[in-house]
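Trainee: Quick one, structure for this:
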Amino acid sequence: MVGGPGPAADPPPLVLIHGMWDTPRLFDPLQRLLAGRRGPLLIPHLPHRFGLTPIEEQADLLGLHIEAAFGAQQPIDLLGFSMGGVIARTWIQLRGGHRRTRRLISVGSPQQGTLTAGPWPSWPLAGIADLKTGSPLLVRLNTQLATLEPVECCSFYCHPDLMVMPAWRAVLPIGPGRCLPVRYHHQLMTHPAALEPLIQELLRP
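Mentor: Numbers count the residues shown, from 1 in each chain. As a prediction, this is how the structure comes out:
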């Protein structure tokens, strides 16, 4: 047949970014379900230091990991959980990541800030303070969207979520948001009711 569709292109590498108080092992259930259907994978360890490290510093470190693994040009997809989603977004919008990012999947990430971060002091907990509603970092991200608009974005969250309050603040300003039927924050990365739709999104052409 002349002019028929060619074989589907392989998806780009996938980078998984964990949240505060987590390690790359957070993604073990997701990796088991992917079972080689999506790769290569990069799951860097980012030392949040219990919220002491500013998010922009963590975004710089994320960029170093990505470049070491895939060079400076290879397109990628990103999935960030909790604080990891804001780190990924910061790298995309403020560190040039938009030039190589196809998709950003935000899972339980306080993209609009969270009341949970409100009581914590800006010094020395700069990383947590970056997640306060109306923080200078989030204001920059949410009012300068030109570098996020080229990226396919989607947000997953749950209600209630004691880490992201109110729950709607876990939705990016671009792309759809979907509430998953789980009971608390970490079930977004462990419960089958959350993992199934995440796998569907990660395997989407």
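
Trainee: got the contact list for Ile87?
Mentor: Under the criterion of C-beta atoms under 8 Å, 6 or more residues apart in numbering, the neighbours of Ile87 are 17, 46, 55, 58-59, 62, 80. Bear in mind the C-beta positions are built from the backbone N, C-alpha and C, glycine included.

Trainee: Buried residues, the longest helix seen in the chain. List them.
Mentor: Using DSSP state H, we find that the single longest helix of the chain is helix 55-70. Across helix 55-70, burial judged by 16 or more other C-beta atoms under 10 Å covers 55-59, 61-63, 65-66, 70.

Trainee: Then stretch 126-141?
Mentor: Buried residues in stretch 126-141 (16+ other C-beta under 10 Å): 126-133, 135, 137-138, 141.

Trainee: now stretch 176-187
Mentor: So for stretch 176-187, counting by 16+ other C-beta under 10 Å, buried means 177, 180, 182, 185-187.

Trainee: Can you dump the C-alpha atoms of the helix or strand of the chain with the lowest mean pLDDT in PDB for me?
Mentor: Sorting the helices and strands of the chain by mean pLDDT, DSSP states H and E puts helix 126-129 at the bottom, at a mean of 93. Provided in PDB are the C-alpha atoms of helix 126-129 (Å, rounded to 0.1, in the frame of the first residue of the first chain):
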ATOM      1  CA  ALA A 126      13.700  27.700  51.500                       C
ATOM      2  CA  GLY A 127      12.400  24.700  49.600                       C
ATOM      3  CA  ILE A 128       9.200  24.400  51.500                       C
ATOM      4  CA  ALA A 129       8.800  28.100  51.400                       C
END
